[in-house]
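Engineer: test case, fold it:
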Amino acid sequence: MHIAVAGNIGSGKTTLTKLLAKHYGWTPRFEPVDNNPYLSDFYEDMNRWSFNLQVYFLNKRFKEVVEISKSKDTVIQDRTIFEDARIFAPNLHDMGMMSDRDFDNYTDLFDLMISLVKLPDLMIYIRSSIPTLVEQIQKRGRDYEQTIRIDYLKGLSDRYEAWIETYNGPLIVVDGDRIKFGNNEDDFSKVTDMIDGKLYGLFPMNE
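Structural biologist: This next block holds a predicted model:
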């Protein structure tokens, strides 16, 4: 199976991916952040580096999806190819940080890639408010993230909500403001109960 964890910057995707991989014995796939050659430059000058960064992510994510489709393991993935193309790239384009030419080029590339892959067996979306995201971004202390603009986060959040509203695959929504799965065992159990209910029918679906 292919399990995916989606959510805005600072929502706790990596934390939840690690916890679920350990709990279920799934194979984790993490977002390529630490070795990303564009990320630091992007946060310093979004207009200059937006296209380069998004193509880098698209390339890495497509390779991951192809590898996951060939794997015999159940894989849990930290962020998906859909988020790059439906949320991050359009947000940059709308903010004037990616040109029409680059955005059209990027979209054509994504449309070709997505025609060759299928939806995850389960999408787990972490829904978090802007104050929660800011608090968690500050807490983890990545230098290049400290310059993230609030309007950038807000634009992403709006696009996440619009995307999830129309997502047509198996889906669980976790309230990231209320369910503190990273440091509360009872809250983490709420998430696993939802997953068990969706995948195995053992529990009723509740957020």
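Engineer: and the helices in the chain, which stretches?
Structural biologist: 13-24, 39-44, 46-70, 81-83, 89-94, 100-114, 130-140, 150-166, 185-200 (DSSP state H).
Engineer: quick one, the first one and helix 185-200 angle?
Structural biologist: For helix 13-24 against helix 185-200, the angle by axes from the mean of the first three to the mean of the last three C-alpha atoms, to 10 degrees is 70 degrees.
Engineer: what is the least confident helix or strand in this protein?
Structural biologist: helix 39-44 (a mean of 86; mean pLDDT, DSSP states H and E).
Engineer: now for that one, which elements pack on it?
Structural biologist: helix 46-70 (3 or more C-beta pairs under 8 Å, 6 or more residues apart in numbering; DSSP states H and E). Using the backbone N, CA and C atoms, a C-beta is placed for each residue, glycine as well.
Engineer: could you give the mean pLDDT of the helix it packs on?
Structural biologist: Per-residue pLDDT values over helix 46-70 give a mean of 92.
Engineer: next, the angle from that helix to helix 100-114.
Structural biologist: Counting by the same axes, to 10 degrees, helix 46-70 lies at 10 degrees to helix 100-114.
Engineer: need the contact partners of helix 46-70.
Structural biologist: 2, 29, 32, 36-39, 41-42, 75, 77, 79-81, 84-85, 88-89, 92, 95-99, 102, 105-106, 109-110, 113, 116-118, 152 (C-beta atoms under 8 Å, 6 or more residues apart in numbering).
Engineer: which among these count as buried?
Structural biologist: For these, a burial check counting by 16 or more other C-beta atoms under 10 Å picks out 2, 29, 32, 36, 38-39, 42, 75, 77, 79-81, 84-85, 88-89, 92, 97-98, 102, 106, 109-110, 113, 117, 152.
Engineer: what residue ranges in this protein score low on pLDDT?
Structural biologist: Applying pLDDT under 70 to the chain picks out residues 32-34, 144, 147, 202-207.
Engineer: distance from the least confident helix or strand of the chain to the middle of the chain?
Structural biologist: Remark: helix 39-44 is offset 19 Å from the chain centroid, using C-alpha atoms, centre = their mean, to the nearest Å.
Engineer: with just CA atoms, put that helix into PDB.
Structural biologist: Extracted in PDB, the C-alpha atoms of helix 39-44 (Å, rounded to 0.1, in the frame of the first residue of the first chain):
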ATOM      1  CA  LEU A  39      15.600  25.600  -0.500                       C
ATOM      2  CA  SER A  40      17.800  28.100   1.300                       C
ATOM      3  CA  ASP A  41      18.200  30.300  -1.900                       C
ATOM      4  CA  PHE A  42      14.400  30.100  -2.500                       C
ATOM      5  CA  TYR A  43      13.500  31.500   0.900                       C
ATOM      6  CA  GLU A  44      16.000  34.400   0.300                       C
END
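Engineer: Arg127 touches Leu171, doesn't it?
Structural biologist: No. Counting by C-beta atoms under 8 Å, Arg127 does not reach Leu171; the two are 11.3 Å apart.
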